[in-house]
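Peer 1: Dropping a prediction and its sequence here:
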Amino acid sequence: MSLELDEVRQAFLDYLAMERGLSPRTVEAYRGDLEHFSAYVAALGIDSLDGLTVTHLGHYQLLLHKSYAAVSIQRKLSALKMFFRFLRGRRLIAGDPLANLETPRSARTLPPVISVEEVRKLLAAPDPGTVLGRRDRVMLQVLYATGMRVSELVSLRVVQLNFNLGVVSVLGKGNKERLIPLPLGVLGEIINYLDEVRPQLLKGRHSDYLFLNRSGKPLSREGFWKNISRYARRAGIRCRVYPHLLRHAFASHMLAGGADLRVVQKLLGHADLATTQIYTHVDSKRLWQIYRQFHPRERQKR
């Protein structure tokens, strides 16, 4: 493989991490996609970016269609498009051979949603008689009350809590900060956790992190994932339950309750309103209630 392509690929990944502020996980996904493309270029015997043509890239797209689903093809081609835009912006290439290639559209599926009653059972599943059970109960309550991502939850530090204002400061994707209100009941649970539970996990040690494991270290995403799956089984919830499902539930239940779409967008930390709009599915009962309340012909019948 050309040293030229290797170097510009690494420069692009550094740009994503340091200038765009993308997470290490996202950067690694881009790395994998570009390495897949680099292997294709190497197999063609091309040792320079200048040797790439629209025909080469069209052939690469055809190869992707033989092995990958539409959503994976979309991601890989999107990574390449961003890569070539980066190269053009750095004036490393004159044109963009990907400009006329169409990216396949994948159907946007509705995220699964558990009911309010199922959430209630899930929140009640941890054992309040144990230290870890009390910790997990607070974590589940915070997750459902705020709609934050699990990565944001496990990386929370105590200083991000503002008890005077009743909010938590969350650092989301792209290092963008947002403030999320905390209900009084959840604030009280957090205070009890800080006073009674967290010191038992610390055992005299120091940590800036809010939620800790039995060794006094930050609880991992994987650890919390296993916990929430166990509690879902205990609560008798039949569908597969994972941390992000509570984020879905937060958004769906807020919107079903009449919350403004843009407010939910801000709370979730979505850059694009269209991302939030996938949660705007409402049940038929509420749809009819809204129709009868606001349609002029329906109001005349009252």
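Peer 2: All right, it came through fine. Numbering: from 1, shown residues only.
Peer 1: contacts and neighbour counts: CA atoms only from here.
Peer 2: OK.
Peer 1: Wait, Ala235 touches Leu122, no?
Peer 2: Yes - if you go by C-alpha atoms under 8 Å, Ala235 and Leu122 touch, sitting 5.6 Å apart.
Peer 1: These two: which is more packed in?
Peer 2: Per other C-alpha atoms under 10 Å, whichever of Ala235 and Leu122 has more neighbours is Leu122, with 25 against 18.
Peer 1: Surely the more buried one is in a helix?
Peer 2: Yes - under DSSP: H, G, I helix; E, B strand; the rest coil, Leu122 falls within a helix.
Peer 1: ok, Arg85 to His56 distance?
Peer 2: Going from Arg85 to His56 by C-alpha to C-alpha, to the nearest Å gives 18 Å.
Peer 1: what about those two, which has more around it?
Peer 2: Between Arg85 and His56, counted using other C-alpha under 10 Å, Arg85 has the larger neighbour count: 17 against 14.
Peer 1: Please identify the buried residues of stretch 233-246?
Peer 2: Buried positions in stretch 233-246, judged by neighbour count with 16 or more other C-alpha atoms under 10 Å: 235, 237, 241-246.
Peer 1: Using CSV, write out the CA atom coordinates for it.
Peer 2: Taking Å, rounded to 0.1, in the frame of the first residue of the first chain, the C-alpha atoms of stretch 233-246 are listed here in CSV:
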residue,chain,number,x,y,z
ARG,A,233,-35.4,-10.5,33.4
ARG,A,234,-36.2,-10.1,37.0
ALA,A,235,-38.9,-7.6,36.2
GLY,A,236,-40.4,-10.0,33.7
ILE,A,237,-39.9,-7.8,30.6
ARG,A,238,-39.9,-10.1,27.6
CYS,A,239,-38.1,-7.9,25.0
ARG,A,240,-34.3,-7.5,25.0
VAL,A,241,-33.5,-4.6,27.3
TYR,A,242,-30.3,-2.6,27.0
PRO,A,243,-29.2,0.8,28.4
HIS,A,244,-30.1,2.8,25.2
LEU,A,245,-33.7,1.4,25.5
LEU,A,246,-34.2,3.7,28.4
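Peer 1: Counting neighbours, what do you get for Gly204?
Peer 2: 9.
Peer 1: same deal with Leu212?
Peer 2: Considering only other C-alpha under 10 Å, Leu212 is surrounded by 22 other residues.
Peer 1: just checking, it touches Val197?
Peer 2: No - counting by C-alpha under 8 Å, Leu212 does not reach Val197; the two are 9.8 Å apart.
Peer 1: Residues contacting stretch 8-28, please?
Peer 2: For stretch 8-28, contacts defined as C-alpha atoms under 8 Å, 6 or more residues apart in numbering pick out 30-31, 34, 83, 86-87, 173-175.
Peer 1: how about the residue nearest the centre of the chain, what does it touch?
Peer 2: With distances taken as C-alpha atoms, centre = their mean, Arg149 lies nearest the centre of the chain, 5.6 Å away. By C-alpha under 8 Å, 6+ apart, the contact set of Arg149 is 143, 243-244, 247.
Peer 1: Kindly report the domain assignment for the chain.
Peer 2: Here the domain parsing of the chain from automatic domain parsing is 3-89, 116-286.
Peer 1: how close does Ser215 get to Gly21?
Peer 2: The value you get for Ser215 to Gly21, if C-alpha to C-alpha is used, is 31 Å.
Peer 1: Actually, His206.
Peer 2: Using C-alpha to C-alpha, one gets 29 Å for the distance from His206 to Gly21.
Peer 1: Helix, strand, or coil at Ile180?
Peer 2: Strictly by three-state DSSP, Ile180 counts as strand.
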